[in-house]
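K.L.:
Structural data only, the sequence is not supplied:
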């Protein structure tokens with residue numbers, strides 16, 4: 001099992017930037033992929049971005065492509081989400097997740113709130 005802890009959330013004005021971090025601990029050697037998801041009030045959780053741990057290959061949701069960047073630091077077992085040009089509709093709780101194989105995510109963090117004011 002992998003434990004995940006997010007940080008970096010907060011209040012930001014529209015057009016601003018924010019960087020989220022997620023530190024993984026535990027059985028991190030088996031990590032295949034890590035991702036970011038978000039859940040806005042009254043909505044279902046949605047995919048934001050992911051990164052393959054071995055080669056850094058990334059995938060983004062259409063709604064954030066070109067504005068958000070996911071990256072990793074293998075030496076620190078940390079994944080980042082750089083969010084630029086933030087919009088009020090980006091307001092959500094952002095969750096970090098990890099999986100060991102292709103398929104569903106196995107481990108989830110507690111989430112960090114990002115609020116974008118207009």
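P.N.:
Yes, it's here. Treat the numbers as computed from the prediction; the structure is a model and nothing was measured.

K.L.:
Spatially nearest residue to the residue most central in space within the chain, not counting backbone neighbours?
P.N.:
Among the residues of the chain, the one closest to the centroid is residue 36, at 2.6 Å (C-alpha atoms, centre = their mean). Nearest non-adjacent residue to residue 36, counting by C-beta to C-beta, 6 or more residues apart in numbering: residue 48, 4.2 Å away. Where C-beta positions appear, they are placed from N, C-alpha and C, glycine not excepted.

K.L.:
Sticking with the one you found, tell me its helix or strand.
P.N.:
Per DSSP states H and E: residue 48 is located in strand 46-52.

K.L.:
Quick check: the residue nearest to the centre of the chain touching residue 69?
P.N.:
No. Applying C-beta atoms under 8 Å, one finds residue 36 not in contact with residue 69, separated by 10.7 Å.

K.L.:
Give the residues shared as contacts by these two.
P.N.:
residue 81 (C-beta atoms under 8 Å, 6 or more residues apart in numbering).

K.L.:
circling back: list the strands paired with the next helix or strand after the strand holding residue 48, with their directions.
P.N.:
Using DSSP H and E, the helix or strand that follows strand 46-52 in sequence is strand 58-60. Note on strand 58-60: by DSSP bridges, its sheet partners are strand 46-52 (antiparallel).
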